[in-house]
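Novice: Sequence first, predicted coordinates after that:
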Amino acid sequence: MTRRLLATYVTFALLILLGLEVPLGYAQSRNEQNQAFEQLEHDAEVLAAFIDSALARNDMLQIEVLARESAQRLGGNVEVMDAHGQILASTYPPERPADSPTARSDVDAVLRGQGRVSARMSTAADVRTMSVVVSVHPGLQPHGALEVNVPATAVTTRVQHFELMLAAAGILLLAAAAGTAFALARWISRPIRALELATRTLADGPLPVTLPVDSGPPEVRRLAVTYKTTAERLNTLITSQRSFNGHASHQLKTPLAALRLRLENLEPDIAADGHNNLQAALHETDRLARMVELLLAMARAEQSALPQEDGFLTDTIDRRICFWEPLAISRGIHLATSGPVDVGVRAVPTAIEQIIDNLVSNALRVAPHGSTVTISWHVIDQADSAPEVELHVIDEGPGLTAEQRTQALVPFWRAPSAGTGGTGLGLALVRALAVASGGTAELRPSGTGGIDAVVRLPAGSGRSHQQLSAMPSN
């Protein structure tokens, strides 16, 4: 924004300077030429008066002396012609080029009495000259003509000097305009950049927003005040919500544990026909406890600026497969893995374990007897960004529609065909942990009709525990 404002102001100032200095330079050039011609005409007329006196006395020697001395004094050449155009005296060198038709016509016009003075600017042999032709004894019948030709060096030098002064003044003014424009652009854009930084800070999480509201144009200051008020309210609301979720979940853990203990203590006092209801109550208590644990985990995952650490994905998957394999075998489900070794990922603490546990738990819940749940992973190298690791947990269950796959990542959403054991928080926690780790989570349809749960996490540096243990010790 600063560059665009600066370019606009400087361009506008440049156009104004060109509009003022170009006509001024042209007017000064014409004025210098007119003054030079007036002075040359005056000198030529004075010399023509002396030559007219010499012609009256028929003193050719005096005419030559006047022509030579005047040529030396003026720094040019003088040529005297009689009434018939014959040259009486000339200071031009013998190798002088022939007169141009235009110069010859000026002399003829003066001799015929059609003009008392003829002035012209011409260029000969790359030298710019000023020529003046005046009549000797002006009247109806001139006695002759006098041509004075001098270099225009002095005029050109004065014009160039003036143009250089204009250029220098223009550069100084342009520099001053650029400096003023830069300061003005910074004054305008500084609060906008601060607003952009505050927006990024707010997007990263409920953090205190530091935003100056006393600089910049009035409109930007009012916008900053409004934005800061909005950000503070949002921070307060989000912090209150997360604090409530965390505290409420934490406070519920102890009463739930006490409730389960009391239910278990009631078992000897319950009649045989009431044991089913007691077991159902214990089951619901366990489900509520799991929901509380998941709510606590989500509240921690949604906290901003969580520390991240590198972990070795293969080791974590092996450990979690060992944990879930007995349950899978009891349900007739095969757990398969595929992927490269020595793959490191970067995530918040315990995120990898919780992501794998929730995805495998969901897959085992919907996978039919005799099917396979596949856990695979691979590294994605990207030219324009850091590499990522993509984790897939694929089941052969009934699957979900496109709308249901989107809704499944929302807290407390459960599929219509889901059983009574779920909480509706597992996939939401997976997405929260992935986002907190700088990654993403989504559900895709698998080629077998089930669900392909995909989690992308930043690649990290890691080694397997076997490699670390195999390294020689110091």
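Specialist: Sure thing, it's come through. Residues are numbered from 1 along each chain as shown.
Novice: mind listing what the strand or helix carrying residue 128 pairs with, with the direction of each?
Specialist: Taking DSSP states H and E as the definition, residue 128 sits inside strand 127-136. With DSSP bridges as the test, strand 127-136 is paired with strand 117-124 (antiparallel), strand 144-151 (antiparallel).
Novice: in that strand, what counts as buried?
Specialist: Using 16 or more other Cβ atoms under 10 Å as the test for burial, strand 127-136 gives 129-136. For glycine as for every other residue, the C-beta is placed from the backbone atoms N, C-alpha and C.
Novice: how does the chain divide up, domain by domain?
Specialist: Structural domains assigned to the chain are 2-159, 218-297, 306-470, following automatic domain parsing.
Novice: Lowest average pLDDT across those domains?
Specialist: Per-segment mean pLDDT for these reaches its minimum on domain 218-297, at a mean of 74.
Novice: Can you report phi and psi for residue 454?
Specialist: Phi and psi for residue 454, reported as degrees, to the nearest 10, are phi -120, psi 130.
Novice: Kindly state the beta-bridge partners for it.
Specialist: The partner residues for residue 454, given DSSP bridges, come to residue 392, residue 442.
Novice: and what of the one 4 residues further on?
Specialist: On the basis of DSSP bridges, residue 458 takes part in beta bridges with residue 388.
Novice: Residue 40 touches residue 132, doesn't it?
Specialist: Yes - between residue 40 and residue 132 there is a contact under Cβ atoms under 8 Å: 4.9 Å.
Novice: if we can go back for a sec, and which of the buried residues of strand 127-136 is nearest residue 24?
Specialist: Nearest to residue 24 out of these is residue 130 (Cβ to Cβ; 22.8 Å).
Novice: beta partners of the closest one?
Specialist: Residues in beta-bridge contact with residue 130 (DSSP bridges): residue 121, residue 150.
Novice: that older thread, which of the buried residues of strand 127-136 lies closest to residue 152?
Specialist: For the buried residues of strand 127-136, the nearest to residue 152 is residue 130 (5.0 Å; Cβ to Cβ).
Novice: looking at it, the closest one is touching residue 154, isn't it?
Specialist: No - using Cβ under 8 Å, residue 130 is not in contact with residue 154; the gap is 9.6 Å.
Novice: so what sits against both of those two?
Specialist: Common neighbours of residue 130 and residue 154, using Cβ atoms under 8 Å, 6 or more residues apart in numbering, are residue 36.
Novice: So which residues make contact with stretch 149-167?
Specialist: 21, 24-25, 28-29, 32-33, 36, 40, 74-79, 121, 127-132.
Novice: what's the answer for stretch 40-47, then?
Specialist: With Cβ under 8 Å, 6+ apart as the test, stretch 40-47 has contacts from 66, 70, 74, 78, 117, 119, 130, 132, 134, 146, 148, 150.
Novice: what two of the residues you listed are the furthest from one another?
Specialist: Using Cβ to Cβ, these span at most 20.8 Å, a distance reached by 66 and 119.
Novice: Just the buried residues of stretch 28-35, please?
Specialist: 28-29, 32-33.
Novice: Can you tell me which of these is closest to residue 280?
Specialist: Closest approach between those and residue 280, by Cβ to Cβ: residue 28, at 105.0 Å.
Novice: how much space between the closest one and residue 152?
Specialist: 15 Å (Cβ to Cβ, to the nearest Å).
Novice: same question, residue 395
Specialist: Distance of residue 395 to residue 152, given as Cβ to Cβ: 96 Å.
Novice: ok, now residue 276?
Specialist: Going from residue 276 to residue 152 by Cβ to Cβ gives 121 Å.
Novice: Repeat that for residue 223.
Specialist: Going from residue 223 to residue 152 by Cβ to Cβ gives 63 Å.
Novice: So which of these two has more stuff around it?
Specialist: Taking neighbours as other Cβ atoms under 10 Å, residue 223 and residue 152 compare with residue 152 leading, 21 against 16.
Novice: so where do the helices sit in the stretch 1-150 of the chain?
Specialist: 2-56, 60-74, 101-111 (DSSP state H, counting those that start in this stretch).
Novice: ditto for the stretch 351-474 of the chain
Specialist: Counting by DSSP H, counting those that start in this stretch, the segments of the stretch 351-474 of the chain that form helices are 351-366, 402-407, 426-436, 465-470.
Novice: just how off-centre is the second one within its chain?
Specialist: By that I understand helix 402-407. 37 Å (Cα atoms, centre = their mean, to the nearest Å).
Novice: Need the residues that contact it.
Specialist: So helix 402-407 is contacted by 413, 415, 442-445, 451 (Cβ under 8 Å, 6+ apart).
Novice: are any of the residues you listed buried, and which?
Specialist: With burial judged by 16+ other Cβ under 10 Å, the buried subset of the contacts of helix 402-407 is 415, 443, 451.
Novice: right, and the last one touches residue 396 too?
Specialist: No - taking contacts as Cβ under 8 Å, residue 451 lies outside contact range of residue 396: 9.3 Å.
Novice: Which neighbouring elements make contact with the one helix or strand residue 219 maps to?
Specialist: According to DSSP H and E, residue 219 maps onto helix 218-265. With contacts taken as 3 or more Cβ pairs under 8 Å, 6 or more residues apart in numbering; DSSP states H and E, helix 218-265 sits against helix 153-204, helix 275-301.
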